[in-house]
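[1] Kindly return the folded structure for what I paste below:
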Amino acid sequence: MTTTPAPADIAFSLLREGRFGDAENVMAREVQTVTDKHGYGSPEWASAQCDLGNVLLNADQLARAIECFRQAASVTPVDQESRKDQLTYRLNVAMALRMAGRLEEAEEQLRQGVQERLAFYGREHAGYAFGLEPLASLLLERGDVGGARQVVEETVAIFWNNGHERVASALALRAAVVQAGGTGEPLFIGLEQLPDQVVEQIGRVVTQMPVAGAAARKELLTTVAAVLEQRLGADHQGTINALSALANLGRDIGDQAGRVEAIERVLASYERQGRTEEALMAELGLAMARDDAGDTGGSLRAYASAFERSQVIGRPEVISQVLRNWGLALREAGQAGPAEERLTQALEQARRGADHDTVGRAGVALGLFLQHEGRLGEARAILEEGLAVMDPVHPDALVGRSHLSAVRDGRTCGCGDMPSTIAEAFREFVITRLPSDLLDRLEVEIVDNDFKIDVHLLREPAEAEIGRLNEVFATAQAEFRHRITDRR
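    From the prediction side, this is the model:
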């Protein structure tokens, strides 16, 4: 029997596709539906407000998400279940406040939540520890290491005594607190008493945990990678994930030697396991890492090896990606002839596949190369072809549009005005989604990192068209706002 997905599930599916405005519209309509059916301030209304808050949170609209969570938490519980829901809503308020950098307010909410959980669950219950753990994390972030240590030890004890799987995240947090204390104590305790899957989960939490200070984070990741390798083995995915996190950290802090070493270990593991596609991705990462480390020759050798792997896999989209990256690296190395050959091959391979964005990205890469070589006519044709099939919100599409503007102006270097390019892409995004006889003129500018919009209509819109107008503009605002943020 087929079931209809819940509105929240639909909204998060849209978020995964990058359709932020559409996701928000789905949940806004659900809130109205629930309000009409159950009433404003009902437990069902609070639940819908929380779902809307989660969508807004994932669309980086923190202020609105906080208000939704506050609204949900303000609803008076009517039974035990709605009381538990209220505790969750308050935790969400604190989480969103923390993400917004409002740490003092977040701590107030967490402390209130801890007291409410203590009264509801009792001191030995895991439900109480669920409130303690984020409080310990926030205290660590605020520099209160002593307070964080006291709270996290209580958290670990409760989860441990209850045999709760959340002990993994509590032990990971404890490791970060102990490290911050600088006492020299072992970061991890009691791991020999835990099953492998819990140890693996500790590693997963550590790799995702924000830790202040590059040296501290490197020490923590290095330690957990060694622990996982000793306990689970060098080829276990948990060990590989920890090494990948070390590589990413090396990129972020400029530790290119550490980054290269970590990726080489990951690549060796994938090769031992015969995991060809994962080895290919690792080798592409190794090529970029070697290039950033100044080893141009080693980088180009890695690209050549990755190309051989891609041919074994045989999918045009994969081959195109490798050739495009290889061509870009050759261009940076000053090898224009081989670069053009690889970029041309990348576009040819992309055309053999079924993914439009792959065609567009390969076209943009080749178009930019041709522009810089002074071959503006060829560049224009290639860029126009690629942009015609790409999602207009894709970052490469925006770069391609900007360079196409420069090509049309007869310039071989640089790109056009990126804010104007984003504004024009916004305008086209809206126009193509509305009835052709509705808009007279649409003017879009970026002012103070936000969109200034001036809409002129040809006629009075019908009621349904008003709703469509609002949805389209909300979607455009949500999706393109991320592009403004990304370029800063």
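[2] Packing partners of the worst-scoring helix or strand of the chain on mean pLDDT?
    Lowest by mean pLDDT, DSSP states H and E among the helices and strands of the chain is helix 463-486, with a mean of 72. Packing contacts for helix 463-486, counted by 3 or more CB pairs under 8 Å, 6 or more residues apart in numbering; DSSP states H and E, involve helix 20-38, helix 395-408, helix 418-431, strand 450-457. In this view, the C-beta of every residue, glycine as well, is placed from N, C-alpha and C.
[3] Which other helices and strands does the shortest one contact?
    Contact here means 3+ CB pairs under 8 Å, 6+ apart; on that basis strand 450-457 packs against strand 439-447, helix 463-486.
[4] Please identify the buried residues of that strand?
    Buried positions in strand 450-457, judged by neighbour count with 16 or more other CB atoms under 10 Å: 451, 453.
[5] Give me the residues contacting it.
    Residues from elsewhere that reach strand 450-457, judged by CB atoms under 8 Å, 6 or more residues apart in numbering: 423, 426, 438-446, 473, 476-477, 480-481, 484.
[6] make it 7 Å
    426, 438-445, 477 (CB atoms under 7 Å, 6 or more residues apart in numbering).
[7] distance between that strand and the chain's centre?
    29 Å (CA atoms, centre = their mean, to the nearest Å).
[8] swap in the third one?
    Its chain's average C-alpha position is 23 Å from that of helix 418-431, according to CA atoms, centre = their mean.
[9] try stretch 89-100
    19 Å.
[10] next one: the helix or strand harbouring residue 136 to chain centre, how far?
    According to DSSP states H and E, residue 136 maps onto helix 126-141. Its chain's C-alpha centre and that of helix 126-141 lie 24 Å apart, by CA atoms, centre = their mean.
[11] Give me the average confidence score over it.
    Confidence over helix 126-141, taken as the mean pLDDT, stands at 97.
[12] Identify the residues contacting it?
    Residues outside helix 126-141 that contact it (CB under 7 Å, 6+ apart): 91, 94-95, 98, 103, 106-107, 110-111, 113-114, 117-118, 121-122, 147-148, 151-152, 154-155, 158-159, 162, 164, 166, 169-170, 173, 176-177, 180.
[13] For burial, what's the neighbour tally of residue 403?
    24 (other CB atoms under 10 Å).
[14] returning to that earlier point: and of the helices and strands packed on strand 450-457, who's closest to residue 409?
    strand 439-447 (19.8 Å; CB to CB).
[15] What's the separation between residue 262 and residue 241?
    11 Å (CB to CB, to the nearest Å).
[16] Looking at those two, which has the bigger crowd around it?
    The neighbour comparison of residue 262 against residue 241 (other CB under 10 Å) goes to residue 262, with 28 against 20.
[17] Helix or strand next in line after the strand or helix carrying that one, which one?
    Assigned by DSSP H and E, residue 262 belongs to helix 256-273. For helix 256-273, the following helix or strand on the C-terminal side (DSSP H and E) is helix 276-292.
[18] what sits up against that next one?
    With CB under 7 Å, 6+ apart, helix 276-292 has contacts from 247, 256, 259-260, 263-264, 266-267, 270-271, 298-299, 302-303, 305-306, 309-310, 312-313, 322, 325, 329.
[19] any idea which of the helices and strands packed on strand 450-457 is most buried?
    Most buried of those by mean neighbour count (mean count of other CB atoms under 10 Å) is helix 463-486; its value is a mean of 17.
[20] What's the separation between the spatially closest residue to residue 117 that is not a sequence neighbour and residue 310?
    Using CB to CB, 6 or more residues apart in numbering and skipping the chain neighbours, the partner closest in space to residue 117 is residue 131 (4.2 Å). To residue 310, residue 131 is 49 Å away according to CB to CB.
[21] Over to residue 212?
    Taking CB to CB, one finds residue 212 at 40 Å from residue 310.
[22] What of residue 370?
    Counting by CB to CB, the gap from residue 370 to residue 310 is 24 Å.
[23] go on, residue 49?
    48 Å.
[24] swap in residue 354?
    Counting by CB to CB - residue 354 and residue 310 are separated by 17 Å.
[25] who's more crowded, these two?
    A count of neighbours by other CB under 10 Å puts residue 310 above the other of residue 354 and residue 310, at 25 against 10.
[26] pLDDT below threshold where in the protein?
    Across the chain, the ranges flagged by pLDDT under 70 are 1-4, 412-418, 479, 481-488.
[27] if we go to 90?
    1-26, 59-61, 182-184, 189, 209-216, 388-488 (pLDDT under 90).
[28] what does the domain assignment say about it?
    197-292, 314-416, 418-488 (automatic domain parsing).
[29] Just send those back as JSON lines, with distance to residue 80 too.
    What follows is those, written out as JSON lines (distance: least, CB to CB, whole Å):
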{"stretch": "domain 197-292", "distance to residue 80": "29"}
{"stretch": "domain 314-416", "distance to residue 80": "45"}
{"stretch": "domain 418-488", "distance to residue 80": "37"}
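[30] List just the one of those domains that sits closest to residue 30.
    Short answer: domain 418-488, nearest of the domains of the chain by CB to CB, at 14.2 Å.
[31] Can you name the next helix or strand after the helix holding residue 136?
    helix 145-161.
[32] Just the buried positions in that following helix, please.
    For helix 145-161, the neighbour count (16+ other CB under 10 Å) marks 145, 147-149, 151-156, 158-160 as buried.
[33] now for those residues, which pair is the farthest apart?
    145 and 160 (21.5 Å).
[34] What's the local residue count around residue 276?
    Neighbours around residue 276, by other CB under 10 Å: 13.
[35] residue contacts, the closest residue to residue 94 other than its chain neighbours?
    What sits nearest to residue 94 in space, not counting adjacent residues and going by CB to CB, 6+ apart, is residue 109, at 3.8 Å. By CB under 7 Å, 6+ apart, the contact set of residue 109 is 90, 93-94, 97.
[36] go again using 6 Å as the cut-off
    Contacts here follow CB atoms under 6 Å, 6 or more residues apart in numbering; on that basis residue 109 touches 90, 93-94.
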